[in-house]
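1. Fold the following.
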Amino acid sequence: MALHPIFQGIADGFMPPVAANDGPRPIGEGVGNVVAQLERVVARKHGKTVVQNIADMGGWSAPEHDSERYRMLDKAFALRGMPHCFGGTADGSAFDAWSYARACAAHATQRDCIDVQRQGVGWGIEEQEARKALSQWGLTEIKLRHAQPGDLLLFDMPEERYVRTYGKTDYVFPGGFHVGVMSAPGGEMSWAMLPERSALEAKMLSAHKYVTECWLGEFWTNNLVAAFSFGDPTNERPALKAVA
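-> Alright, predicted model coming up:
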């Protein structure tokens, strides 16, 4: 008996590597896609879109339906779990940070978006190239404290040096401008076990090793330099309190 496509996808996501036309499939590559499929099922059950359901569960307001920021989030969540590849692939089966952001922006604006010129493997690209691309994609810089889900965050990541032993030359990972899609605002919540209120970090989606969501802790906020939006968000609550 054949499984429903949704459940077949879930099963496939946890299967060991198998030979494919493009080579073996790494274990865990499909986990992000499995989560995305499950969220579509849950959202449908509640009569909501994935973005609206995630926003409701997180206690924040989703962008206006079918707005550019909404479509940006919709695409960003849909691509979770996709593998990383420097420069991305032509068929959209793998991404780096900038090809991922470009795919999301193209879906949001429903038009072609230029690619960026990469200098080599590293954290990202040069600042001038980054700002040129974001401008052509239709985004404008906003204050960091106004950043909301669906906006793009720009990071100036430093060079990283990895010390090798046994006389081998140290490996240097070049710095550069990295980009991510803000996926949840910061805020406050009351913890059941603690009397005080604890601040929550904002989240973002980006392609680093694979497309995944992460907290915007000090590792990221220490290098966050700018935020870009398709329009000045109406909700100006400081989302990124640590850098406001």
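
2. doesn't residue 74 fall inside a helix?
-> Yes: in this structure, residue 74 lies within a helix as judged by DSSP: H, G, I helix; E, B strand; the rest coil.

3. Which residue is the nearest non-sequential neighbour of residue 226?
-> Using C-beta to C-beta, 6 or more residues apart in numbering and skipping the chain neighbours, the partner closest in space to residue 226 is residue 154 (4.4 Å). No exception for glycine: its C-beta is placed from N, CA and C like everyone else's.

4. Quick one: low-confidence residue ranges for this structure.
-> Across the chain, residues meeting the criterion (pLDDT under 70) sit at 1-37, 40, 46, 167, 187-199, 231-244.

5. Next, count neighbours for residue 143.
-> Applying the criterion other C-beta atoms under 10 Å, we find 14 residues in the vicinity of residue 143.

6. Now do the SS call for the closest residue to it other than its chain neighbours.
-> For residue 143, ignoring the flanking residues on the chain, the nearest one in space by C-beta to C-beta, 6+ apart is residue 227 at 7.3 Å. Counting by three-state DSSP, the backbone at residue 227 sits in strand.

7. can you pull the contacts of residue 227?
-> Under the criterion of C-beta atoms under 8 Å, 6 or more residues apart in numbering, the contact partners of residue 227 comprise 141, 142, 143, 144, 146, 147, 151, 152, 153, 154, 182, 240.

8. For beta bridges, what are the partners of it?
-> For residue 227, the residues forming beta bridges with it (DSSP bridges) are residue 142, residue 153.

9. what about it, distance to residue 175?
-> 20 Å (C-beta to C-beta, to the nearest Å).

10. swap in residue 77?
-> Per C-beta to C-beta, residue 77 is found 28 Å from residue 175.

11. more crowded one of these two?
-> Set side by side, residue 77 and residue 175 show more neighbours around residue 77, with 22 against 16, by other C-beta under 10 Å.

12. that's a helix at the more buried one, yeah?
-> Yes: in this structure, residue 77 lies within a helix as judged by three-state DSSP.

13. who touches it in this structure?
-> Each residue near residue 77 by C-beta under 8 Å, 6+ apart is listed here: 36, 39, 50, 51, 54, 183, 205.

14. isn't the residue nearest to residue 226 right up against residue 228?
-> Yes: in this structure, residue 154 is within contact of residue 228 by C-beta atoms under 8 Å, at 6.7 Å.

15. what do the two both touch?
-> With contacts defined as C-beta under 8 Å, 6+ apart, the residues shared by residue 154 and residue 228 are residue 134.

16. which residues touch the closest residue to residue 156 other than its chain neighbours?
-> Counting by C-beta to C-beta, 6+ apart, residue 225 is the residue found nearest to residue 156 once chain neighbours are left out, at 4.9 Å. Applying C-beta under 8 Å, 6+ apart, we find residue 225 in contact with 154, 155, 156.

17. between these, which is nearest residue 216?
-> Nearest to residue 216 among the contacts of residue 225 is residue 155, at 9.9 Å by C-beta to C-beta.

18. who's in contact with the helix or strand harbouring that closest one?
-> Mapping residue 155 onto the secondary structure by DSSP states H and E places it in strand 152-157. Outside of strand 152-157, the residues within contact range by C-beta under 8 Å, 6+ apart are 72, 101, 105, 123-124, 127, 130, 134, 139, 147, 175-182, 204, 216, 220, 223-229.

19. Tell me the bridge partners for the residue sitting nearest the centre point of the chain.
-> Among the residues of the chain, the one closest to the centroid is residue 205, at 1.7 Å (C-alpha atoms, centre = their mean). When bridges are assigned using DSSP bridges, the partners listed for residue 205 are residue 181, residue 213.
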